[in-house]
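# Provide a 3D model corresponding to the input given below.
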Amino acid sequence: MARSDAPTQFSTSTISTSSKHNESAKLTVCDVNLNHDWLPDNILPSLQGATICMSPAGIGNRHDRQCWHFGSRHVDDVSQSFYRIGRVFSKFQAGESYGDARQDSANFFNDPAKIAADILKDYVSVRGQTSPAELVGLIKELLSKGEPLDDKKGTTEILIGILTSLPATSKARTMLTNKLIDTLWGNLQHPPLSYVGGDIKYDALNEEGVVLDSNGQPQTKEPQATDSIEFTAPGTNIRLREQVPQAPDGLHHYRSPDGSFNNILEPNLGKAGTPYAKSVRTSKRLHGVKPDPGLLFDLLMARDEGSFKENPAGISSMLFYHASIIIHDIFRTNRTDMNKSDTSSYLDLAPLYGSSLKDQLEIRTMKEGKLKPDTFHEKRLLGQPAGVNVMLVMYSRFHNYVADILLKINENGRFTLQTKPNATDIEKAKAVAKQDHDLFNVARLIVGGLYINISLHDYLRAITNTHHSKSDWTLDPRVEINKQFDSDGVPRGVGNQVSVEFNLLYRFHSCISKKDEKWIDGFFGKIFKGKQPADLQNISIEELGKAFVDYEQSIPKDPSVRTFDDLKRQEDGTFKDEDLARILKEAMNDPAGCFGARMVPKALKIIEVLGINQARRWQVASLNEFREFFGLKKYDKFTDINSNPDIASLLEKLYTDPDMVELYPGLMIEDIKPVRNTGSGICPTYSVGRAVLSDAVTLVRSDRFNTIDYTVSNLTAWGFNEVQQDYKTLGGSMLYKLIQRGLPNWFPYNSVAVMQPMYTKKMNETIAREIGTFHLYTLEDPTPPRKAIITQSSGAIKYVLSNPKQFVLPWLRPLEAMFTNSKRDISWFMLAGDEQKNYQHRINIKKALSKIPTLHNAIHEFIDRVGAELVKKETFKMKEGLHQMDIIRDVAIPLNAQLLADLFYFDLRTDENPGGTLGHAELYNHLLNVRIWGVNDNDPAQSWNRRRRAIESVNVIIESTAGPVKEVHAGRGLGFGIANAISSAVGRRANFKKDSLRSCGYKFVEELLAQGNSVDQVVDNMWLTAFGGIGVPVTTFYEVLSFFLRQENASIWAEVQNLAQNKDDAGLHAYVREAQRLTSGQRNVRVATAPAEIDGKPVQPGTAVVMLLGGAGRNPGEIANPDKFDANRKAEEVSAFSYGQHECLAKDIATTFVVGLVKLAADLKQLRPAPGQMGIVKTIQVGSEKAYLNDSWSYLGFDASTWKVHFDGHGKGTYKGDAAAPNNQIDLGQYYYLLKQRKENLLSGLGGPASIRAQ
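Model (predicted):
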């Protein structure tokens, strides 16, 4: 590295990084510590090419300005290295990062040849897929407008294969994906301009102009609104009418029941009950007499006994069950007017919710936003295989889960009952109805978000076979595409109208599996009584109509009592989980059929005949016109349509010329696309393949609620986060989450079948082995969830914890799951089992710690010193005599992280370890990830991601800790290169303070090495022993301090202040211990291995015994005056630190941590929570556990992560309240409700609204 006075090539004030760590993404000169060797030799190669000028005094100070020149390398690479070496002080953020990466939207497509050259140069993975000339041609073809695309070249599939090979950081990937979306979007008109149908409505009138009904009788009632319902408010006898707002009003931030107002300027666009669009202009004069539909089916479409073919990519029936939901979501042709669709043109889950307010009333409880148990609206799907219905039951269950959590969180009070204190019964009923309305509609938006993400990240990934790779690329059409392709960009949220062409295209009967073909034969055999399977292909239209009418009349009108597949509802209205799990398992193992000619089950002949006739009635364009519309090359020969000479010959005899081939059945009898890994998965016919992708882009991108209004404000922060895809999880796949929410713990969290159920289990195993991820999965089938028994009896807890052979620890399996690929042995860890080696590990740790005589004093000194520094640094002076700080995020959390880092010798950046590689928030987050996965994972819908985060985190901890431990090892005279190693170790130790906690950590490493442990074993000792100490002490501190700061405990807090001032640590310990007893929610778990009895209840092997340690300290059956604070109370044997052999090893350290923080807080004068919501630590109850929300209320965690407090300075003093401040705060919704009531009262006093309007 050479010193240089050359001019600055870039400003350090704008160096940025796309890192996703919870660290600052912008670095300034002040972040760099120039007092130390901040440019290690191993970093220099990655910094070649830049000149950096900076000053220790900051960017604005030119004095002592120093510059370094590094050779020739791109500045972006420098910024990454600079980020790694810079000192960044950040805040811990639970659950998510504050920052979002920005994409450069500069023009990218000026030189296709340069794009191709850059891709081939930078990404080795692309070179084997295509040549430079082919890549240039592909990019040019993507950019060309108006030229037909020869889809038999596989251009789109090749492009998808290239995109999946490019990393997420690739600018080319982003730009080419956006252009692909632009091209697919551009295949259709938005909104459509041409529609079918032209009927008008006629009303009969009498001489006075009164409308007559069909019997010639005058209508005496005033007509009601087209979409209104009447219902009895739950728990009352009050009758209410609900009416959808009419124009110019509308449900602008909720989906309307019928899909209207999706485009606010065109409110009827896509509304249920409106005509189909017609996408393709008909200009060809087709034959006046067309082939007989039945003959077309027999010759070209019918599946013979031996002609069934499995999908070559291994697609399962689950994909087509999801497709069936989509099809019934957007197509419901009116029975009396085939030009209209009775459902909306949007993916709004109409099969679950219905298409009108009246439909919704049939499935809703009308209370707290919930649906009736396991209920969905669409009765047409009862005539589909059971798997389709099970998927809808999963969505129904997910809706109720979401509504429950929404009400508990109650973000910004938006679901608070809006009534005045002396409200009448009618007003209360209206308030309950309004709350239900809001909860239902927000939950519906969230469920719709999951539905769309499944459609994009499971369904579309399977269609494109992207799952057959490790790529996180997905064709997500919701992205905001700036003005980089044309002057207008690619619009979003403009509305949609489904077309007759796509009604015909989405008839995937050829893909019905053999298993479902048998189901259809059986179903038809029931509704066409007396018909054998061989007779089903000869059913007449009259027979079909009568049978369907009879079948529909047999279906109960109440959706909540309907059943399918001979399942029985239980007393609570739900289906048995084991039945639903069995059906899903069978569907995941069931190979789907194949597209193409002669693949439709013969039983569906009458359905296909009706489809052909319907296409003719709609006068749709020909197959070639359809292809030209989509920019595809037209067919010149019949062998272009289908290369099978027999099929081609039949087509020629039937149609004479390729231009005469009808759209339907033409779409279904083309050649199919070959399977391509990646590029083509469902292997559709050629025209269908292109059109399906275009329609998928259109359906999602045109919907306001999937794009511009898919926001945190509409879905709530938690709801948005709950259904947000994680691209590290199979490219964003989400269907597994729906299943795990609907059937928790039935399927293993890492089931190879469940993680991508749109492929068969067999193919998922094959793919996982091919791409090297099989070690992450299990082949286990679904089993009933482990039963659990909960106890808070001290006697029962002692019994369980004193019998380790009968009640075993469950932690080894999740800990080992972090090392499935490396097979790291951690079975010796003290909490991994109850064998002698586990006990010996505990003994060894205690022995090593006992040989550090200064440890006790070092911990006290550390908490007092570093805690005081943090309080001083993080205090925000709001005005004279008023201060604020986040005592959890900015004090307790970094103190917890550094205490563990110093004691367990982690590589944390501190004044004693300035060259450390980890920040406080980063280390805290890594350890927390390990703890949540290792011992706190209680949510199978999050388990996969929790394990992945734990794996990433434990690898960071191991790698970063190995270096310092190796230095200690080398410093003891062991290993090669002793002189250099000792020099390095001494350099690191040179920053230690005398008898500091960091020096104790160094001694701890020495003692473990002296026991004969290798460097790797010492590292494992460190992180395994440490992770249990992260987060829990922070939450305990919050629970204790919040207890002390309650108004009713002011006198207790005053006593605590006196004890702190008098430095009475023993007294403080007693007060903290008693407050912890009154507040702790700690628990422990064991699994029974033999029959037993607990609290008089039988326990069978495999049952989880959940022991409420905190609750045991307040058990009125065992504790005298359990709710009374008594600092002199004798300590109980069972405490929050557990009991027996596995009692918390570091309980004294944890208690000292909490006591030390309480002592610091006691020095803050008139300490109190910040006013209003700002001072509330938001928690909700989920099952039997308390969940803490982060500061954005988007994430449910196990520990407190933020708490803002106010204080008036330092010294004694308890807060008595501000007499000038209001005693209570009114909810904003409540405020507007009262304002509205006052307005109505005022208008009523003036003669009412009618008289005002009359003026």
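# quick one: whatever helix or strand residue 579 lives in to chain centroid distance?
Using DSSP states H and E, the element containing residue 579 is helix 577-588. The chain centroid and the centroid of helix 577-588 are separated by 23 Å under CA atoms, centre = their mean, to the nearest Å.
# Can you show me the helices along the stretch 501-650 of the chain?
Remark: helices assigned in the stretch 501-650 of the chain by DSSP state H, counting those that start in this stretch are 514-527, 541-554, 577-588, 605-618, 623-629, 638-641, 645-655.
# tell me which residues in the second one are buried?
Using 16 or more other CB atoms under 10 Å as the burial criterion, the residues of helix 541-554 that qualify are 544, 547, 551. (Glycine included, C-beta is placed from N, CA and C.)
# Show me which residues of stretch 1091-1106 are buried.
1092, 1094, 1099, 1103, 1104, 1105, 1106.
# neighbouring contacts of stretch 392-399?
The contact list for stretch 392-399 (CB atoms under 8 Å, 6 or more residues apart in numbering) reads 325, 349, 351-352, 370-371, 373-376, 378, 381, 443-444, 447, 450-451, 575, 580, 738-739, 741-743.
# Show me where the stretch 801-950 of the chain has its strands.
Assigned by DSSP state E, counting those that start in this stretch, the strands in the stretch 801-950 of the chain fall at 807-808, 876-879, 882-886.
# Put together CSV for the ones you listed, with mean pLDDT on each row.
Output for the strands of the stretch 801-950 of the chain, formatted as CSV (pLDDT from 0 to 100):
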stretch, mean pLDDT
strand 807-808, 96
strand 876-879, 94
strand 882-886, 97
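# any chance of the ones you listed in CSV, plus distance to residue 161 and mean neighbour count?
As requested, those are arranged in CSV below (distance: least, CB to CB, whole Å; neighbours: other CB atoms under 10 Å):
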stretch, distance to residue 161, mean neighbour count
strand 807-808, 48, 20
strand 876-879, 53, 10
strand 882-886, 48, 19
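# Pipe the ones you listed into JSON lines and attach distance to residue 303 per row.
Shown next, in JSON lines, are these (distance: least, CB to CB, whole Å):
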{"stretch": "strand 807-808", "distance to residue 303": "54"}
{"stretch": "strand 876-879", "distance to residue 303": "73"}
{"stretch": "strand 882-886", "distance to residue 303": "66"}
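# so which of those comes closest to residue 706?
Across these, residue 706 has its closest neighbour in strand 882-886 (35.8 Å, CB to CB).
# Tell me who's in contact with residue 608.
Per CB under 8 Å, 6+ apart, neighbours of residue 608: 293, 297, 301, 507, 509, 600, 665.
# give me that answer again for 6 Å
297, 301 (CB atoms under 6 Å, 6 or more residues apart in numbering).
# Give me the pLDDT for it.
Residue 608 carries a pLDDT value of 96.
# what does residue 536 give?
Reported pLDDT for residue 536: 85.
# Please look at it and residue 603 and confirm they touch.
Yes. The pair residue 536 / residue 603 is scored as a contact, 4.1 Å apart, by CB atoms under 6 Å.
# Pull up the overlap in contacts between the two.
Contacts common to residue 536 and residue 603, judged by CB under 6 Å, 6+ apart, are residue 524.
# Assign residue 966 to helix, strand or coil.
Following DSSP: H, G, I helix; E, B strand; the rest coil, residue 966 is assigned to helix.
# Mind checking the strands of the stretch 801-950 of the chain for the one nearest to residue 239?
Comparing these by CB to CB, strand 882-886 comes nearest, at 50.3 Å.
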